[in-house]
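[1] Attaching a predicted model along with its sequence, questions to come.
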Amino acid sequence: MIAIIKYNAGNIRSVENAVKRLGYDCIITDNADQIRTSEKVIFPGVGEASSAMNYLKKNNLDTLIKSLNQPVLGICLGQQLMCKYSDEGNTGCLGIFDASVKKFPPNELVPHMGWNNLENVKGELLKGISINDNVYFVHSYYSETCTNTIAVCDYIVPFSAAMQKDNFYATQFHLEKSAAVGEKILKNFLEQ
Amino acid sequence: MLKKRIIPCLDIKDGRTVKGVNFLDIRDAGDAIDLAKKYVRESADELVFLDITATEEKRKTLSALVEKIAKEINIPFTVGGGINSLEDVSAIIKAGADKVSINSSAVKRPGLISEMAEQYGSQCVVVAIDTKFENNAWMVYVNGGKTPTPLKTLAWAKQVEKLGAGEILLTSMNNDGTKNGFAVDITNEISEAVNIPVIASGGAGTKAHFKEIFEQTKASGALAASIFHFGEISISELKDYLKTQNIPVR
């Protein structure tokens, strides 16, 4: 069973749909036991960092997520909350990845919305993905690049498009909305 | 590099796709989900579903259709048409839409834009603007292009950005259905004036029209309906062409 963490963030249904399209069972839950005992955990999210962190703390999901040993995949805001700190609402985050989250300078359109390609791709999660593959982004804040970066995207500044540390994986882009390329990445995560 | 988006629009009536010419004269263009899936295969970047007969009764049908689309479609999609309240928006978002487009209701009550942005984030708020050039000015129209308003398009576009819109879908009524090309002038003016994505709509007839709108304006995407529905141009063929013209597309 795949657990999708339920919290006060949008876009959970489309993650559920994407997992189901690949033929996996999943459950949307904020129940600690269900999350802890699931095979894999997905931590999705569209929303605002400080209110999301507050919700996680209030429900003790912050310590739970950090303590998980099975593969965990953060998506979009999920990736940002797995970093150290976010400028959005001056929010202390989970601190899994060694990076901070900053707001894009308004040199170009913000949010960064649409399809963009990935560079410096490495690791199992992104197996089979090349520089010509595009994925779908929607975000106004970005995770800095750091030793945990496994893919870079360049929009205004180069930022972490995907990250990994041990069993923790994350993508800034919405793999559940990234057509066949996103499906391949989700499959890589679910099959490992 | 961020790619320019090609967005087919599906006008929905009773679950089927239709397309009018100059906002009138409705023709049937097939089952909505079948068509949507075909577009995804052809590498459409996004889909827009506009319910053109959104009455109270039809609203429930729309939610059910959105749910079905969300299950089958793995690219972002926008839903619009007859959305009047935050309640309507919530129903569509819960059914699985990524973005909700509002038009007449935003003109009637601009506060709805802010409420949507606050509740769901600007990224899911699309304000559709139907505009018509008359008496030397681009003016905003509502009610499916039937009712004029005293709003100037440029001022309205700036206002919706300020209120929290995440994207503007700009349809030129003068161009819509003509196949003579997008309205380059107003699209250029609006896309220079705001710092949110502008999607050009209305008038696509050839592949060169897409090249023109991307070369001569800052539009982030271009939307079309009939040329895709009736197979005059396939999306993959259009994208191959744009690549040869050095327009960045997926």
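    Arrived safely, thanks for sending. Numbers count the residues shown, from 1 in each chain, chains lettered A, B, ... in the order given.

[2] Let's verify the residue nearest the centre of chain B: helix, strand, or coil?
    Centroid-nearest residue in chain B, with C-alpha atoms, centre = their mean: B:L169, separated by 4.8 Å. Secondary structure state of B:L169, per DSSP: H, G, I helix; E, B strand; the rest coil, is strand.

[3] So what pairs up with it in the strands?
    Note on B:L169: beta-bridge partners B:A128, B:I199, judged by DSSP bridges.

[4] Surely it touches B:I102?
    No - in this structure, B:L169 is not within contact of B:I102 by C-beta atoms under 8 Å, at 10.1 Å. To be clear about C-beta, it is placed using only N, CA and C from the backbone, and glycine gets the same treatment.

[5] what residues are shared contacts of those two?
    B:V126, B:V127, B:A128 (C-beta atoms under 8 Å, 6 or more residues apart in numbering or on different chains).

[6] possible to save those residues as CSV with distance to A:K6, neighbour count and pLDDT?
    Converted to CSV, those look like this (distance: C-beta to C-beta, whole Å; neighbours: other C-beta atoms under 10 Å in any protein chain shown; pLDDT from 0 to 100):
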residue, distance to A:K6, neighbour count, pLDDT
B:V126, 27, 27, 97
B:V127, 30, 29, 98
B:A128, 32, 24, 97
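
[7] Pick the one among those residues closest to chain A.
    Distance to chain A across these (C-beta to the nearest C-beta) is lowest for B:V126, with 10.9 Å.

[8] Going by neighbour count, which residues in the helix or strand hosting that closest one are buried?
    Counting by DSSP states H and E, the element that carries B:V126 is strand B:125-134. By neighbour count on 16 or more other C-beta atoms under 10 Å in any protein chain shown, the buried set for strand B:125-134 is B:V125, B:V126, B:V127, B:A128, B:I129, B:D130, B:T131, B:K132, B:F133.

[9] Please name the nearest non-neighbouring residue to the fifth one.
    Pointing back at B:I129 there. B:L170 (5.3 Å; C-beta to C-beta, 6 or more residues apart in numbering or on different chains).

[10] Same question for the last one.
    With C-beta to C-beta, 6+ apart as the criterion, B:F133 has its nearest non-adjacent residue at 5.3 Å, and that residue is B:N174.

[11] so when I look at the one you found, I'm seeing a helix, right?
    No - counting by three-state DSSP, B:N174 is not part of a helix but coil.

[12] Phi first, then psi, for it.
    Per-residue torsions, B:N174: phi -70, psi -30 (degrees, to the nearest 10).

[13] Mind giving me the packing neighbours of whichever strand or helix holds A:L190?
    For A:L190, the host element (DSSP H and E) is helix A:179-191. Counting contacts by 3 or more C-beta pairs under 8 Å, 6 or more residues apart in numbering or on different chains; DSSP states H and E, helix A:179-191 is packed against helix A:12-21, strand A:134-139.

[14] how about low-confidence regions in the chain?
    Picked chain A for this. Of all residues in chain A, those with pLDDT under 70 make up the ranges A:9-11.

[15] Hmm, no, I was thinking of chain B.
    Along chain B, the parts satisfying pLDDT under 70 run over B:15, B:19-30, B:54-60.

[16] Would you state the strands of it in chain order?
    For chain B, the strands defined by DSSP state E cover B:5-13, B:16-21, B:24-31, B:47-51, B:77-80, B:99-102, B:125-134, B:137-142, B:147-152, B:167-172, B:198-201, B:221-224.

[17] Can you list the buried residues in the longest helix along chain B?
    Criterion DSSP state H: the longest helix present in chain B is helix B:56-72. Under the neighbour-count criterion of 16+ other C-beta under 10 Å, helix B:56-72 has B:K58, B:R59, B:T61, B:L62, B:S63, B:L65, B:V66, B:E67, B:K68, B:I69, B:A70, B:K71 buried.

[18] Report the angle between it and strand B:47-51.
    Angle, helix B:56-72 to strand B:47-51, by axes from the mean of the first three to the mean of the last three C-alpha atoms, to 10 degrees: 160 degrees.

[19] Please consider this matter closed, and thank you.
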